[in-house]
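J.: Need a 3D model of the following:
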Amino acid sequence: MAVTSRQREGFTMPELEYVAQCESVTIVPLHRMDRLELVRGTVGPFRPPQKTKVPLWLAVMLKRTNRCRIVAPTWLSFEHLRDLCKREEQPDSLFTRLPFHYLEIAHIILTHAEDDLVDSQGIRRLLQDLREVRQSKTRGGMEMLNPLQLQMDNLSAAEINEIRPLFRHSFDMLRQLDVLASATEDSRQQQQQQQSQFGELSYSEMDDVIGSSYPL
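T.: You can find the predicted model right below:
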């Protein structure tokens, strides 16, 4: 499928959330249900209170019909997010490894299953703090951009999407400047080589060169 110019500039949050809904989460079914045959495999059977893993989109669907409770991922707890924020705020710290779609997953769960989280408001605040800290580190990392690569490990899909337009334009400009610098350097070396050749000529040879170049 061809990529449009708008997609090269970045995706919208709903588009990223659509992709993130394929990620697996754990649920506790509230009703007995048989196996479900999905395109990507079979889930179930569902036997309360036994936990099971399902795609996020199915968990949301079951939650809406009051057929399950969504179990928050380990990283989506107040204590864990608080520790992550402290770790990210350390000087010269690297980006903490998180699920690639952690922001989208958190937003979906907070939207559709807020009652399944402990201290959901505190989790919202910590997610915002975490995002701001990582955004600040991302802006600092952009200063290390060179014409070859930008090395920032453990960025999430949403974070990559945020810097994609700036990175793409900056990378193109740096490559153009690098080509221009290379051409200037080649021209300078060629000029030095010509001057060196003239320096090796005798006066009579130089007269011949100049005479042949500028006939009177």
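J.: Looks like Val43 contacts Leu36 (just checking).
T.: Yes - counting by CB atoms under 8 Å, Leu36 is a contact partner of Val43 at 5.2 Å. Placement of C-beta: from N, CA and C, glycine included.
J.: Give the bridge partners for Thr26, please.
T.: Note on Thr26: beta-bridge partners Lys53, Val71, judged by DSSP bridges.
J.: Could you pull up the residues touching it?
T.: Lys51, Thr52, Lys53, Ile70, Val71, Pro73 (CB atoms under 8 Å, 6 or more residues apart in numbering).
J.: try 6 Å this time
T.: Lys51, Lys53, Val71 (CB atoms under 6 Å, 6 or more residues apart in numbering).
J.: neighbours of the last one, just the number please.
T.: The reference is to Val71. 19 (other CB atoms under 10 Å).
J.: just checking, what packs against the helix or strand containing Glu79?
T.: Here Glu79 sits within helix 78-88, counting by DSSP states H and E. If contacts are counted by 3 or more CB pairs under 6 Å, 6 or more residues apart in numbering; DSSP states H and E, helix 78-88 sits against helix 120-141.
J.: All the helices of the chain, residue numbers only.
T.: 5-9, 13-20, 56-64, 78-88, 102-112, 120-141, 157-199, 203-213 (DSSP state H).
J.: quick one on the thing from earlier: which parts of the helix holding Glu79 are buried?
T.: Going by neighbour count (16 or more other CB atoms under 10 Å), the buried part of helix 78-88 is Phe78, Leu81, Arg82, Leu84, Cys85, Glu88.
J.: separation between the last one and Glu79?
T.: Glu88 sits at a distance of 15 Å from Glu79 (criterion: CB to CB, to the nearest Å).
J.: got the buried residues for stretch 95-114?
T.: Buried, per 16+ other CB under 10 Å, within stretch 95-114: 95, 98-110, 112-113.
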